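Colleague: Predicted coordinates and the sequence they were generated for:
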Amino acid sequence: MTERVLIDCDPGHDDAVALLLAAQADEIDLVSVTTVAGNGSLERSTENALKVLTLAGRTDIPVAAGMDRPLLREPVTASEVHGETGLDGTELDDPAFETEDTHGVDQLIETLRASDEQATLVPIGPLTNVAMALRKAPDLTESIERIVLMGGALAEGNVTPVAEFNVYADPEAASIVFQADVEITMVGLDATRQARYGADRFDEMRSLSNRVGDIVAELFEFYLEFHADAYGWDGVPIHDACAVAEVIEPGIVESQRMRVDVEVSKSHSYGQTVCDRQGSWTRTDHADDPNADVALSVDKERFFDLLLSELGRY
């Protein structure tokens, strides 16, 4: 069964792989892509999304540029991870199409409202666009079947000891999204860090014998430089593609229902996703109902098989 999907992104090496996966999978009808400032500037994110979809041969998918900065905080980027272009390590062709005239927030609203069929929203960058859409059109939750987002962490962050980048880049926006009346699956670092694609498998990607496989291998080689230096890893986490994989094959991540709130006070824990795994809050007078399925693990071999299968079809 094909699922209507909207992706909101800030490409980014792992975003690029996520887009390539979503653009090819038969299970997904990718009806819209919106971009947001995050890994790099909005201009970089938008250009990279157009380039990746051009590589995928999917110039039919409308792309709209959204918010160029967080709601309240000063902008942060991840150029030390993804390079100055956001996709350092390879050369992609210039885009073969242009963005829509519509603002990304309005495109989210209009696309979701355009059909009687609910859609799945897959945000794999900071949640600024999604929060703005929910504030501008509160009834939008009726058009969203679920939100499957990449972001957050139960325990250790990747930009502070407790905060994951996508949430840290706009904690106030993330707080709005987690408080929305909509089903949420949070695919965070606890799961995505388990799905590290080893350097010894990069030739496996090249063996797909298509341009997509070669480019993804080149992206991984650059991406590995940061992770080897920062963590001593011999593989790369493909964070954002895990969220898309969960849409294609539900159950590829194992999750637990719990309460998630986002820390927005300007403290050491700013941007932390506070996950009540033990149900502590539900046993108190200020009980808050669980509001998200939080990924605890990922079946990495199933994920890698899916990735190779879909990218091999290009």
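Modeller: Looks like it came in fine.
Colleague: so residue 95 touches residue 54, yeah?
Modeller: Yes. In this structure, residue 95 is within contact of residue 54 by C-beta atoms under 8 Å, at 5.1 Å. C-beta: built from backbone N, CA, C; applies to glycine.
Colleague: which one of those two has more residues nearby?
Modeller: With other C-beta atoms under 10 Å as the criterion, residue 95 and residue 54 differ in neighbour count, and residue 95 comes out ahead with 19 against 16.
Colleague: For the more buried one, which non-adjacent residue is spatially closest?
Modeller: residue 50 (3.5 Å; C-beta to C-beta, 6 or more residues apart in numbering).
Colleague: that's a helix at that neighbour, yeah?
Modeller: Yes. With the criterion set as DSSP: H, G, I helix; E, B strand; the rest coil, the secondary structure at residue 50 is a helix.
Colleague: which residues does it contact?
Modeller: Each residue near residue 50 by C-beta atoms under 8 Å, 6 or more residues apart in numbering is listed here: 63, 95, 97, 98, 99.
Colleague: Include secondary structure, pLDDT and distance to residue 204 when you put these into TSV, please.
Modeller: Formatted as TSV, the contacts of residue 50 follow (DSSP: H, G, I helix; E, B strand; the rest coil; pLDDT from 0 to 100; distance: C-beta to C-beta, whole Å):
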residue	secondary structure	pLDDT	distance to residue 204
63	strand	98	30
95	coil	97	29
97	coil	98	31
98	coil	98	35
99	coil	98	34
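Colleague: Let me see the ranges of the helices in the stretch 51-200 of the chain.
Modeller: Listed in chain order, the helices of the stretch 51-200 of the chain (DSSP state H, counting those that start in this stretch) span residues 79-82, 104-113, 128-136, 165-168, 171-178, 189-192.
Colleague: May I see the buried residues of the fifth one?
Modeller: Buried residues in helix 171-178, defined by neighbour count with 16 or more other C-beta atoms under 10 Å: 171, 172, 173, 174, 175, 176, 177, 178.
Colleague: quick one: which of the residues you listed is nearest to residue 256?
Modeller: Among the buried residues of helix 171-178, residue 178 lies closest to residue 256 (C-beta to C-beta), at 15.5 Å.
Colleague: what sits against residue 153?
Modeller: 162, 163, 164, 188, 189, 190, 272, 273.
Colleague: with those residues in mind, which one is nearest to residue 42?
Modeller: The nearest member of the contacts of residue 153 to residue 42, counting by C-beta to C-beta, is residue 164 at 20.5 Å.
Colleague: Could you check the pLDDT of the residue nearest to the closest one when sequence neighbours are not counted?
Modeller: Setting aside the residues directly before and after it, residue 164 is nearest to residue 153 in space (C-beta to C-beta, 6+ apart), at 4.7 Å. Residue-level confidence at residue 153 comes out at 97, pLDDT.
Colleague: Over to the one 10 residues further on?
Modeller: pLDDT recorded at residue 163 is 96.
Colleague: does it really touch residue 274, like I thought?
Modeller: No. Taking contacts as C-beta under 8 Å, residue 163 lies outside contact range of residue 274: 10.7 Å.
Colleague: Which residues are in contact with each of these two?
Modeller: The overlap between the contact sets of residue 163 and residue 274 (C-beta under 8 Å, 6+ apart) consists of residue 263.
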